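Trainee: whatever this is, show me its structure:
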Amino acid sequence: MASDARMKRIVVSEKALQYKDMVIADITALEEELTKDISQNELDIFFKVIEKMLDNIS
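Mentor: Now for the predicted structure:
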């Protein structure tokens with residue numbers, strides 16, 4: 001398979017790794033903002049209800 005011209009090697013650049021770190025930081029900050037003043041128990045209930053709702057439509 002080494003000579004198969006359809007196969008391409010994808011190499012992640014340093015710039016892409018930095019971008020990934022920025023995106024993860026942004027998502028983490030957003031999650032913290034969205035869940036502030038919401039207890040873990042409330043989040044657990046929320047996710048259980050969402051899971052049941054998804055089950056209802058599948």
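
Trainee: Provide the secondary structure category for residue 37.
Mentor: Per DSSP: H, G, I helix; E, B strand; the rest coil, the local secondary structure of residue 37 is coil.

Trainee: look up how far residue 31 lies from it.
Mentor: As for residue 37, its distance to residue 31 is 13 Å (criterion: CB to CB, to the nearest Å). (Each C-beta comes from the backbone N, C-alpha and C, glycine too.)

Trainee: low-confidence ranges in this protein?
Mentor: Confidence mapping of the chain against pLDDT under 70 gives the ranges 1-2.

Trainee: higher neighbour count, residue 37 and residue 31?
Mentor: With neighbours defined as other CB atoms under 10 Å, residue 37 and residue 31 compare such that residue 31 has more, 10 against 5.

Trainee: helix or strand: which one has the more buried one?
Mentor: According to DSSP states H and E, residue 31 maps onto helix 14-35.

Trainee: and that helix, how far out from the chain's middle?
Mentor: Taking CA atoms, centre = their mean, to the nearest Å, the mean C-alpha location of helix 14-35 is offset from the chain mean by 10 Å.

Trainee: give the buried residues for it.
Mentor: Buried positions in helix 14-35, judged by neighbour count with 16 or more other CB atoms under 10 Å: none.

Trainee: and that helix, what other elements does it pack with?
Mentor: Applying 3 or more CB pairs under 8 Å, 6 or more residues apart in numbering; DSSP states H and E, one finds that helix 14-35 contacts no other helix or strand.

Trainee: neighbouring contacts of that helix?
Mentor: residue 43 (CB atoms under 8 Å, 6 or more residues apart in numbering).

Trainee: I'd like the next helix or strand past that helix.
Mentor: Helix 14-35 is succeeded, C-terminally, by helix 40-57 (DSSP H and E).

Trainee: and the angle from that next one to helix 14-35?
Mentor: 100 degrees (axes from the mean of the first three to the mean of the last three CA atoms, to 10 degrees).

Trainee: now for helix 40-57, which elements pack on it?
Mentor: Partner elements for helix 40-57 (3+ CB pairs under 8 Å, 6+ apart): none found.
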